[in-house]
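Asker: no FASTA, just this:
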């Protein structure tokens, strides 16, 4: 899984930049509104809302924004009605890509997402074409400077993690969806800071990419992520860390 933890770190740093522009706040508020509409305003009874609020707080979204987004979801305040839409497609080199979006206009979003795929060297595919390659998991990256491996292994496994993998400068913790919050809470209780933490789609196989194709895929994924209606993008690329680093420095 070369490059996975580094890519998670890159996305985390990019999120901080997006937060300054307000784009991340908008995406998180939308996620909260949809979660509240679907499962109600009670954080204890609505795990989707609980996770969305936790993500918003980590990104320093103001509490009044969070409360307003929840009230829009429950109908206490007027707001736009969003629909969840997933897209599947292929990028350069046969990379499988899954896009999760929340939109108030499905036709517009579909056309714009298709246009991004086409312009960036990929193509939109039908439902079920690549989704089967991915599995929903909790994914937490801890820099090696923040924890000793033995202690981290003990805390992670005892709190329900499925696996802990060692990369060059970080540890990757994989959890089931139900145990994700419990593992995060255990890390926090033991004062172990994480570099990135998210519910994500982890692929069962990877496509190794180098050179121009690697750069094309990264550009495609980042352009999709920058779209206002897109919440998450998942891809099964395996790109060397040095290429990821070079790309980050250029953007």
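Answerer: The structure has been received and is ready for your questions. As the structure is a computational prediction, the values presented were derived from the model and not from experiment. Numbering: from 1, shown residues only.
Asker: Count the residues that sit near residue 41.
Answerer: Residues near residue 41, counting by other Cβ atoms under 10 Å, number 17. Where C-beta positions appear, they are placed from N, C-alpha and C, glycine not excepted.
Asker: ok, now the one 3 residues further on?
Answerer: Neighbouring residues of residue 44 were enumerated by other Cβ under 10 Å; the total is 7.
Asker: Now it: phi and psi?
Answerer: phi -70, psi -40 (degrees, to the nearest 10).
Asker: Residue 28 contacts residue 52, doesn't it?
Answerer: Yes - here residue 28 reaches residue 52: they are 6.9 Å apart, a contact under Cβ atoms under 8 Å.
Asker: per-residue pLDDT, the residue of the chain positioned farthest from its centre?
Answerer: Residue farthest from the centre of the chain, counting by Cα atoms, centre = their mean, is residue 76 at 28.8 Å. For residue 76, the pLDDT comes out at 94.
Asker: helix/strand/coil for it?
Answerer: Counting by DSSP: H, G, I helix; E, B strand; the rest coil, the backbone at residue 76 sits in coil.
Asker: got a list of what it touches?
Answerer: Counting by Cβ atoms under 8 Å, 6 or more residues apart in numbering, residue 76 makes contact with nothing.
Asker: so who does residue 229 touch?
Answerer: Neighbouring residues of residue 229 by Cβ under 8 Å, 6+ apart: 101, 102, 103, 109, 112.
Asker: Residue 69 and residue 44: what is the separation?
Answerer: For residue 69, the distance to residue 44 equals 18 Å [Cβ to Cβ, to the nearest Å].
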